[in-house]
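**Q** The following block contains a protein sequence and its predicted model.
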Amino acid sequence: MERLSQQEEDALFAVFKTGEGNVKNILQNLQTEIPYTTLASTIKNLEKKGFLKSRLVGNTYLYKPAVSEEDIKKGFVGSMVKSYFASSYKELVSFFVKQKKLSAEELKEIINLIEKEK
């Protein structure tokens, strides 16, 4: 999966939040403030890259995701683990524990989830 710029990623998650909508609708769900024309260009780039689909309704294009939010998250996390943690999810979890971002109670919950999936 092609790597996205921060602006493209922000726009894509705004589209996930919107579901389907025009640039104005997506702009309302964007967490950062950018000009309408910048968002419109970013949306077109995401469509060219295959992340979004569009359809013309009257004289307005409506955009919706062409990929699932889960697939984007999998790709992002997988890439991050590969690049920063030598492809080790154990190293990722260890990092969060050392940074005090993950408590013992949360680790127990994760272990319970893992054991349920067996």
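**A** Right, received. Where do you want to start? Residues are numbered from 1 along each chain as shown.
**Q** Give me the mean pLDDT for the helix or strand containing I43.
**A** Assigned by DSSP states H and E, I43 belongs to helix 36-48. The average pLDDT for helix 36-48 rounds to 98.
**Q** which other helices and strands contact it?
**A** The helices and strands touching helix 36-48, judged by 3 or more Cβ pairs under 8 Å, 6 or more residues apart in numbering; DSSP states H and E, are helix 6-18, helix 23-28, strand 52-57. All C-beta spots, glycine's among them, are computed from the backbone N, C-alpha and C.
**Q** Now render those as a markdown table, adding mean neighbour count, mean pLDDT and distance to A66.
**A** Putting the helices and strands packed on helix 36-48 into a markdown table (neighbours: other Cβ atoms under 10 Å; pLDDT from 0 to 100; distance: least, Cβ to Cβ, whole Å) gives the following:
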| stretch | mean neighbour count | mean pLDDT | distance to A66 |
| --- | --- | --- | --- |
| helix 6-18 | 18 | 96 | 10 |
| helix 23-28 | 17 | 98 | 14 |
| strand 52-57 | 13 | 98 | 5 |
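**Q** Figure out which of those is closest to K98.
**A** Ranking the helices and strands packed on helix 36-48 by their distance to K98 (criterion: Cβ to Cβ) puts helix 6-18 first, at 25.8 Å.
**Q** if we can go back for a sec, tell me the angle the helix holding I43 makes with strand 52-57.
**A** Orientation of helix 36-48 against strand 52-57 (axes from the mean of the first three to the mean of the last three Cα atoms, to 10 degrees) gives an angle of 110 degrees.
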